[in-house]
Each structure stands twice: as C-alpha cells, then as structure tokens.
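Student: got a predicted model here, sequence first, then my questions.
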Number of protein chains: 2
Amino acid sequence: MSLLVTGSIGIDTVSTPHGTAESVLGGTAVYFSFAARHFTSVRLVGVVGEDFPDACREVLTRREIDLAGLETRAGSKTFRWSGKYHGDMNEAETADVSLNVLGEAGPKVPASFADSDIVFLANTHPALQRELLGQLSGPKLTVCDTMNLWIDNERDELLKTLSAVDGVIINDAEARQLTGRINFVEVGEALLAIGPKFAIIKKGEHGAILVTGDGPTAIPAFPTKNVVDPTGAGDSFAGGVLGYLAECGTFDTAALRRAIVRGTVCASFTIEGFSLDRVLQIGRDDIDQRVREFTAMLRIE
Amino acid sequence: MSLLVTGSIGIDTVSTPHGTAESVLGGTAVYFSFAARHFTSVRLVGVVGEDFPDACREVLTRREIDLAGLETRAGSKTFRWSGKYHGDMNEAETADVSLNVLGEAGPKVPASFADSDIVFLANTHPALQRELLGQLSGPKLTVCDTMNLWIDNERDELLKTLSAVDGVIINDAEARQLTGRINFVEVGEALLAIGPKFAIIKKGEHGAILVTGDGPTAIPAFPTKNVVDPTGAGDSFAGGVLGYLAECGTFDTAALRRAIVRGTVCASFTIEGFSLDRVLQIGRDDIDQRVREFTAMLRIE
C-alpha cells in the first residue's frame, strides 16, 4: 500500500551527554520516512526554505522516498530546532526553536499523492492536519500525532481532528494531558472515546501501550545501553508502525501488535546515533534481525 | 525446593484515590508469602509485637505458610506504616512510620528452617540481612531487596550484603541511586559488578528489567486499569518470582524470565484491592490463567 507522511523537515542542533550535533537533518517527517522506507515507498509532503542545505537534500534523495511533495519555498527559511537531553534522556529541553516556514501556509499534497492508502499526519496545527486530510481522495487508514501546544491552545480543533482519524500515536505525557487520565489503559480508552479505532501511547524508554476495542497490549522498549541521541525516536517508531502496516495491508489488532514491534526496533536504531547517522547505516536485514531478537525476548512460555 | 522469606510483618493504613484501608495486614514478608505460596510452601521469619491483632494472625494461618519463624515479642509493638498514593500511584508518600519491633533485635531463623534452599531477604538493615544469611546451612539461591535509607546511610554494609547474594530485586529509583547510572541496562550491569549473578529492576507500572550475564530482558507490567492500591506490589512480584523458581528448581536466565512473568501476574492481582483483599480471593488457577493471557500478549511473530 502507498504511504504518505506530512510533517516537519528541519535542521536540528542537539546536545546529549554523548556530544553535540550541529545543524543536522531532522524533523518528524524525515525520521518517519527513514523508518517507513524499509517496508514500503514513502511519499513525503513538507516544506523547506530556500536555505535548506544541499547536504541535507542529498540525504533525502536516492532513498525509497518520493519527494514530489517536497516544496522549497522561495523567500522562506527552514524550520530549526535546538535542544538538550539530560539524565534519563526521555525528554528534550528545547533551547531554541524557529518555526520559520512551519509558521506559514501548509504544504500541498501533489495530485499524484491524492490516492495514498495510508496517511500519517505528524504533529502540526490540528486544523492544518484536517486540511491535509481533505486533499486526499479516500485513504484507507489515517493516523495523527499531536503535542502539548495544541492540547493547551487548540483543544476543540484537536478533538475535531482526532474524531476524523482512524488512529492516534501520541506520547505519554501528552496523552495524559489530553485525556485527564493517568492510568494508560484508561488514557487509551479515553482516546478511543474521541473517535479513533486505535491509540498507541509512546512511553520512551518504557515502551508503548496499544489500546483497541480488543483491549490493551503493553510492549517494552528494546533494552539497550546504546542511547546516543533520542531525537526522532517517536517519529521513527511511527514510521516503523505505519510502514509495516502498509506492507502487510491489514490494520487489525494483531497487525498493530506486529507493527509496534517494528516501530520499536526502528526507534532502537535511531537512538544509537545523532540525527540519521545510525539510521543511514542499516538495511531491512538489520531490522528483521533485531525484530527476531526482540520477539524472542518477549516469547516466554 | 524450600523457600524462606524474612522481612516485615506490619499493620498498614493506606489511602489511595479509591479509598482508605485502616490498620490492615501488610509488610514485605506478608505480601511476598501470599504470592509465593501458590508455587511452594513458604517459611516465614519475622517478628511482631504483642499487640499483633488476632484478625491479622488469623489471615496468616491456615495458608501454605509455615509460621515456625514468626516470633511474637513480649513487651514490643508491631511495625506500623501509613501512606498515601496520588496521581500515577507509582510511589507512596509515607505519612507516618513506627518501626517498633523492627528497630529492635532481628528475628531468629528456627533450626527447622536452616536447610532452606531459597532465601529472600526483604528490605532491612543490610548487616541484619547478612546475619540472617549466616543462620542458614548453605542455601542454593539467595536474593535481597533494599531501600534508599541504607543506600544513603549504610552503603558499605549494603555493598557487603550485595556481594554475598546471588540476586537482587530492587526498585528503579533505588537501583539508580545505588549505582549512579540512569540507563537500566547499565544499572543492571553495575549491580552485577558488585556481585550478584542477576538483577531485577522493578519499574512499577512500566514493568521490570532483568539483567544477567546473558544480557537484558524487558517485561512490561500487566496492563490493567484496575489499580486500587499498589501497596505490596513489589513484594508480591518478588514472591511470585522466587516461588516460581522454588517450584521449577533451576535459576538460569530462561527460568528467571518465566519467573518474572509469574511475579508480574502476582503483583497485578495484589493491586486490585486494598491489603490482601484481592490476594486472598485467588488461587493458582487464576494465576495460571493470567500467565497465559500475559504470555499470549507478549507472543508476537
């Protein structure tokens, strides 16, 4: 199945206890695409400014990523983010953010992408998420993420978007903030009550909880001490989940459970290096091998 | 195999968002025993005061728990603890604690218990933990827990105890505090470097991490929204782990992984009620049924 992602394409500066990476390629749609590409071809929809470095563009090209939806906007600047991770590295402290082109009009879905089967709306203004959905001719599966900014300031718009999608992939703190619940099974059920048929709550180093009409599934993170930079882990996770669903073509609970394992493994590679450093080194074989290790770890009689 | 536990037997008053339980039976050795008894007979070693209520004593008797090591000390009072859980209920806020008999001389291991195969030293002063170990004639497996008080104030004694046991079962915050590491795989490896052959780090609602010479295993908690009172969850977990190891008679990584599943399930019942309310309602069939549900949840191709 075809898979479309829309989200940020950015230039990040990241510090972790392992070092600093300056002005490297990042962004939700980028991390998503580099995970999902192992399972299906990916249609990327996003906007960069005319300052977008050739070196970053070079990384995006010659992969299984269709860049027909990548707009380079004249007179605009690319989204930039810088942040630091401390301690358990579960959450970044944002040092600086320049929305730049992300604060302007949203991207357009090219006509050649309108027939996409699966759509991931990475975090952006929830009204823009719906506007992007409206440019599609009838996707089979729509999934969104969101963030605290919209939960605080655009709650009604966000609820409209959530009631329009099939699934939500959201981090733990934001899912609790949105639903007012603390227990993650209750959080998931509260998300389903808004509209989606499934909710996946991302808990960083503690793994993920899937809630569907069939009940909850808890999956741990891949246990590793090799954590260099967590940036993009959540988006790589989502990319692995939806990439796998596009490959297998079914979206039932059993498929979602298998998909979460793939997402977990994709995220486990992302955090092993800064930016896409580690992600660019791996192939499908590496993912499949780690999926075997991870499912074997979870297979207990 | 025979299983001995030594730890607190107390009277708890607990408040959670679900209500309050006043002056109910609690204590580490009690919760441990009521989980482990489903797998093997349990030898309980502990001290209560002469104020220990008949109703509490009644709960302890007529179970698969050998009370030959239960001392009722004349002139002393039973350990009492009261605490409150808020929010995510992962940690209690202690409102009041009266050590009473726990601040006096430790319990004695009866001669009939000296040949115990497996020993769990629940949290107490680490020197007392070693003194209890010294009363045994050559256990096949020794495991201890500890707490922040001893990490802060009796570090050298604690390190001596840790280097004398085969395994440690410890909660996440205390394991981090003890080792100075944050990543749980590194935390586990640092614990092994002190001496034990395995470390199990308890993460409450996020499950547990086992680290052995064979590497790490992450197991989630049993996902449930039925959380009435988390008191005793960690000790029930340890009871399920060591009860299962006593039943199966081997202590390799595969057995430890299976044991953690049993511990997780035992803990999942404990939190469904105040004190031992729920624990007293269940039998081995209930545990086995939930073990099947839990392992099926984790079995993903």
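Tutor: Received it, and whenever you're ready, just let me know what you need. Residues are numbered from 1 along each chain as shown, chains lettered A, B, ... in the order given.
Student: chain B contacts on chain A?
Tutor: A:87-89, A:182-186, A:189, A:203, A:205-207, A:209, A:216-225, A:227, A:257-258, A:261, A:295, A:297-301 (C-beta under 8 Å from any C-beta of the partner chain). For the C-beta atoms, the positions are set from N, CA and C on the backbone; glycine is no exception.
Student: check contacts around residue A:248.
Tutor: By C-beta atoms under 8 Å, 6 or more residues apart in numbering or on different chains, the residues touching residue A:248 are A:255, A:258, A:259.
Student: in helices, which of the residues of chain A next to chain B appear?
Tutor: Judged by DSSP state H, helices contain the following of those: A:184, A:185, A:186, A:189, A:257, A:258, A:261, A:295, A:297, A:298.
Student: what's the burial count for the fourth one?
Tutor: By the criterion of other C-beta atoms under 10 Å in any protein chain shown, residue A:189 has 18 neighbours.
Student: wait, it sits on residue A:213?
Tutor: No: at 9.8 Å, residue A:189 and residue A:213 do not qualify as touching, with contact defined as C-beta atoms under 8 Å.
Student: now the ones in helices among the residues of chain A next to chain B: which count as buried?
Tutor: A:184, A:185, A:186, A:189, A:257, A:258, A:261, A:295, A:297, A:298 (16 or more other C-beta atoms under 10 Å in any protein chain shown).
Student: could these go into a markdown table alongside distance to residue A:277 and pLDDT?
Tutor: Shown next, in a markdown table, are those (distance: C-beta to C-beta, whole Å; pLDDT from 0 to 100):
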| residue | distance to residue A:277 | pLDDT |
| --- | --- | --- |
| A:184 | 32 | 97 |
| A:185 | 36 | 97 |
| A:186 | 38 | 97 |
| A:189 | 39 | 98 |
| A:257 | 30 | 98 |
| A:258 | 27 | 98 |
| A:261 | 23 | 98 |
| A:295 | 26 | 98 |
| A:297 | 25 | 98 |
| A:298 | 28 | 98 |
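Student: looking at these, which is nearest residue A:110?
Tutor: Minimum distance to residue A:110 across those is 30.8 Å, recorded for residue A:258 (C-beta to C-beta).
Student: neighbours around the residue lying closest to the closest one once chain neighbours are set aside, how many?
Tutor: Nearest non-adjacent residue to residue A:258, counting by C-beta to C-beta, 6 or more residues apart in numbering or on different chains: residue B:300, 5.7 Å away. Other residues near residue B:300 number 19, with proximity taken as other C-beta under 10 Å.
Student: would you agree residue B:300 is in contact with residue A:259?
Tutor: No: taking C-beta under 8 Å as the definition, residue B:300 is not a contact partner of residue A:259, at 9.7 Å.
Student: now for residue A:63: which residues touch it?
Tutor: Residue A:63 makes contact with A:33, A:34, A:37, according to C-beta under 8 Å, 6+ apart.
Student: swap in 6 Å and give it another go.
Tutor: By C-beta atoms under 6 Å, 6 or more residues apart in numbering or on different chains, the contact set of residue A:63 is residue A:37.
Student: before we move on, what about residue A:239?
Tutor: Contacts of residue A:239 by C-beta under 6 Å, 6+ apart are A:32, A:35, A:36.
Student: ok, so of those residues, who is nearest chain B?
Tutor: residue A:35 (18.0 Å; C-beta to the nearest C-beta).
Student: now do the helix or strand where the closest one lies: everything it contacts.
Tutor: Residue A:35 belongs to helix A:28-36 when elements are defined using DSSP states H and E. For helix A:28-36, contacts defined as C-beta under 6 Å, 6+ apart pick out A:3, A:5, A:7-9, A:42, A:44, A:46, A:65, A:122, A:232, A:235-236, A:238-240, A:242-243, A:266, A:276, A:279.
Student: and which of the contacts of residue A:248 is nearest to chain B?
Tutor: Of the contacts of residue A:248, the one sitting nearest to chain B (C-beta to the nearest C-beta) turns out to be residue A:258, at 5.7 Å.
Student: work out which residue lies at the spatial centre of chain A.
Tutor: Against the mean C-alpha coordinate of chain A, by C-alpha atoms, centre = their mean, the closest residue is residue A:235 at 2.5 Å.
Student: list the buried ones in the lowest-mean-pLDDT helix or strand in chain A?
Tutor: Sorting the helices and strands of chain A by mean pLDDT, DSSP states H and E puts strand A:92-98 at the bottom, at a mean of 91. By neighbour count with 16+ other C-beta under 10 Å, strand A:92-98 contains the buried residues residue A:92.
Student: name the helices or strands packed onto it?
Tutor: strand A:79-85 (3 or more C-beta pairs under 6 Å, 6 or more residues apart in numbering or on different chains; DSSP states H and E).
Student: neighbouring contacts of the strand it packs on?
Tutor: With C-beta under 6 Å, 6+ apart as the contact definition, strand A:79-85 has outside contacts at A:8, A:10-13, A:15-16, A:92-98, A:100, A:102.
Student: distance from the chain centre to the helix or strand containing residue A:119, please.
Tutor: Assigned by DSSP H and E, residue A:119 belongs to strand A:118-121. The chain centre lies 10 Å from the centre of strand A:118-121; the measure is C-alpha atoms, centre = their mean, to the nearest Å.
Student: check which element follows it along the chain.
Tutor: Next helix or strand after strand A:118-121 toward the C-terminus (DSSP H and E): helix A:126-133.
Student: picking up where we left off before, by neighbours, which of the contacts of residue A:239 wins?
Tutor: Counting neighbours by other C-beta under 10 Å, residue A:36 comes out on top of these with 34 neighbours.
Student: now do the same for the closest residue to residue A:180 other than its chain neighbours: its pLDDT.
Tutor: Spatial nearest neighbour of residue A:180, chain neighbours left out: residue A:190 (7.5 Å); criterion: C-beta to C-beta, 6+ apart. Among the per-residue scores, residue A:190 holds a pLDDT of 98.
Student: residue A:190: neighbour count?
Tutor: 18.
Student: that one and residue A:176, how far apart?
Tutor: 10 Å (C-beta to C-beta, to the nearest Å).
Student: how about residue A:27?
Tutor: From residue A:27 across to residue A:176, the span is 25 Å (C-beta to C-beta).
Student: more neighbours, those two?
Tutor: residue A:27 (26 against 21).
Student: tell me which residues touch that one, please.
Tutor: A:8, A:9, A:10.
Student: let's see it at 10 Å
Tutor: A:7-12, A:33, A:46, A:48, A:56, A:78-81, A:102, A:122, A:231-232, A:235 (C-beta atoms under 10 Å, 6 or more residues apart in numbering or on different chains).
Student: could you do residue A:176 as well?
Tutor: Residues in contact with residue A:176 (C-beta under 10 Å, 6+ apart) are A:151, A:170, A:182, A:183, A:184, A:186, A:187, A:190, A:201, B:87, B:88.
Student: try 7 Å
Tutor: A:182, A:187 (C-beta atoms under 7 Å, 6 or more residues apart in numbering or on different chains).
Student: am I right that it is in a helix?
Tutor: Yes: applying DSSP: H, G, I helix; E, B strand; the rest coil, one finds residue A:176 inside a helix.
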